[in-house]
Structure formats: C-alpha cells, structure tokens
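Student: Build me a structure from this.
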Amino acid sequence: MDKFQAMRVFTRVVECNSFSAAADSLQMPRSSVTTYIQQLESWLKVRLLNRTTRRVRVTPDGAAYYERCVRILAEVEDSEASFSTLISPRGKLKVDIPGSLSRLVVVPALHEFHARYPDIDLMLGVSDKPADLVQEGVDCAIRMGYLPDSALVAKRIGATGFVTVASPAYVAQHGKPQTLADLQAHAAVNYVSGRTGRIVEMDFVLESKPVRVPVQSKLAVNDADAYLQCGLQGLGLIQLPHFLASRHLRAGDLVEVLERWRPWPLPIWAVYPQSRHLSPHVRVFVEWIEQQFDACHLLRKQATQPPVTTPVTASGAYEGAAALRRPAMAS
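Tutor: Model (predicted):
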C-alpha cells in the first residue's frame, strides 16, 4: 500500500463526506478509493470512517488521524515545493473565479501563465456563484469581500473599489443625484447575491461609516455582467467594482455619480482547502494571479481599507459594497 496516497485519499473522503465525490475529485475509480480506505484501516487496526448508504462520517480516531494526515501531507508538499525553482509544476489545477475578473484580467493573460508553466493543465470554472471547494474538488478559488470563518486557507491578493454609475441616457432623463437624499427620486437595478439569494442594496460612506440607502427598483439580476449591461442600457443606477466600470467611464458610456460617498474597497482573496494549501500548482497560480492584480492599479491589494470595527463578510464571488454590513467570524 502506498501510505502517502492512502492518506491523500482518506483526507479527500473526509473533506467530501463521500466516497464517490472523493473519487471524482481524485479522478480515480470509486472501488480504488474503497480499497485504499480498507487497507488503511487494516494497517492502523482502527475504524476511521462510519459508512452508510447515504453518508460517510468520520470516527473520533479518524478525526484525530485526519488532522495528522493534513500536517504530514502539507510538510511533504512543502518539501516538494522547495524544488519548484528547479522542477516545473505539472498536472491538473482546478480554479474557480468570478466571471468579470476572469474575462477582464485572467483570460487575457493566460497565454503568459501557460508559457511560464506549460505542464499545468488548468480547468477554469467561471461563475458569480461561489463553488464549494471541497465538495467540487476545486484546488483554489478567487473571492471578493470579507470571508466567513471556515476551514479554508486565505491569502489576500488584491482589492477593488466600488463606484455608483448611470448611463448618460438615464442622467438625461432623470437627472444626476447630487446628495444621498436625492436617491429617493431615482431607480436602481438590484443585484442578487449568488451566495445568499438576497438582494444586495447600495452602500455609501457617510462620515467615515458605511450606510445603506434603499433605492426603489423594479429589476434585479444575479450576474455581474448582466448587471453592468442593465446600467449601460439606462435601466437604473448601479454600483459595481471600479475595474468593471473603468473602460465604460473612459468611453463615456457610464457616468459616475455621488463620488463623494464612494463605498470602501473590498479585499480580494485566494482561498484553498487546508490539505492543498502548499501544493506547487496552487502556489504558482496564486503568485501569478497576484502579479496580475498588482499590475492593475484598480486591483492592487495596497488599496485603502476601511477601519473595520465589526467583522464583516462577503464570501460570494461578487457581493457589492453592501457586504460591509454583514457580520462574520473571521476576515
């Protein structure tokens, strides 16, 4: 029995709570996963998992062994990664990323990534709805906002500011709001969170504090690009990341309003499961994408951050500035 492979299989089964999901994640037959677990339990002479027809639960012995396996595998991967300057990482890498960041920042630079790491097969999942990294076997995800407490490892790699904008046609018809009180006479396009399914209302900064300002609306969408298109079509005010609005502001397709009350920037994170946080694949991808963000002045992580007195959360791919209002246990 390959003990290290058995440990990898065991940790993935625990994380996925499923033999089948672990097998899919590891790209091996389910029977092989079952065999590895049986051999590992026989070798250790303890039961690691309780299996039923519907679910898998880790035993107390299994939970203790899982924690040790995670540390051992991390140390092995760290040792291997120390030679990454001599040996190019190879294999498959599954990444989840918001659509707007993918389209505007990542995809245009992918030729550079492949030239630098020709032996990595990249599977890019693009969606505004955040993936379950463990259940879906995702190695790394890019997320925007303040993160909730979880078993994921997070590294801050960028930040984005937000702007409130409207089309010239909308401004010509309804006027340009000059104060937050003027919003009572305006209409907005609402954004629906892919994480919670709830409407994300507009936020502004007033006297160094984020404030929520409800704006009447008859339209809501759950996709960042569709949200942008609604604004371009003059269907209402929208509030979105500056990097997404930038070229439209320069072209005159959008006009910024209420500049004095811009929302605070939100951090951008690379997140990954504990058991894979030192993978050479993940390490080089995170380093590369951090370089892409640093090259864009609208995404650099040095962007000014708000003085957060109450922890907040926005784990979804695109949550808008209103994420600053939501409580969390970690950031």
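
Student: Where does pLDDT dip in this structure?
Tutor: For the chain, the stretches flagged by pLDDT under 70 are 53, 78-87, 128, 134-135, 148-151, 194-195, 275-278, 302-331.

Student: can you give me the helices for the stretch 201-331 of the chain?
Tutor: Applying DSSP state H, counting those that start in this stretch to the stretch 201-331 of the chain gives helices spanning 224-232, 242-251, 280-294.

Student: elements contacting the last one?
Tutor: Just to be clear, that refers to helix 280-294. helix 60-81, strand 91-97, helix 110-116, strand 120-126, strand 140-144, strand 152-160, strand 266-273 (3 or more C-beta pairs under 8 Å, 6 or more residues apart in numbering; DSSP states H and E). (Glycine included, C-beta is placed from N, CA and C.)

Student: what does the third one contact?
Tutor: It stands for helix 110-116. The contact list for helix 110-116 (C-beta atoms under 8 Å, 6 or more residues apart in numbering) reads Ile120, Leu122, Val284, Phe285, Trp288.

Student: Which ChimeraX command selects the buried ones in those residues?
Tutor: Buried members of the contacts of helix 110-116, defined by 16 or more other C-beta atoms under 10 Å, are picked up in ChimeraX with:
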select :120,122,284,285,288
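
Student: before we move on, the earlier item: list just the one of the helices of the stretch 201-331 of the chain that sits closest to Val33.
Tutor: helix 280-294 (21.2 Å; C-beta to C-beta).

Student: in that closest one, what counts as buried?
Tutor: Pro280, His281, Val282, Arg283, Val284, Phe285, Val286, Trp288, Ile289, Glu290, Gln292, Phe293.

Student: I'd like these laid out as TSV, including distance to Asn17.
Tutor: Shown next, in TSV, are these (distance: C-beta to C-beta, whole Å):
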residue	distance to Asn17
Pro280	27
His281	24
Val282	22
Arg283	27
Val284	29
Phe285	26
Val286	26
Trp288	32
Ile289	29
Glu290	32
Gln292	34
Phe293	33
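
Student: just curious, which of those residues is nearest to Val213?
Tutor: The closest of the buried residues of helix 280-294 to Val213 turns out to be Phe293 (C-beta to C-beta; 29.3 Å).

Student: what's the spacing between the closest one and Leu101?
Tutor: 9 Å (C-beta to C-beta, to the nearest Å).

Student: who touches both of the two?
Tutor: Ile268.

Student: May I have the beta-bridge partners of the spatially closest residue to Ile199 that is not a sequence neighbour?
Tutor: Leaving aside its sequence neighbours, Ile199 sits nearest to Asn190 (C-beta to C-beta, 6 or more residues apart in numbering; 4.7 Å). Legend: beta-bridge partners of Asn190 under DSSP bridges are Ala220.

Student: wouldn't Asn190 be in contact with Arg198 here?
Tutor: No. The pair Asn190 / Arg198 is not scored as a contact, 9.9 Å apart, by C-beta atoms under 8 Å.
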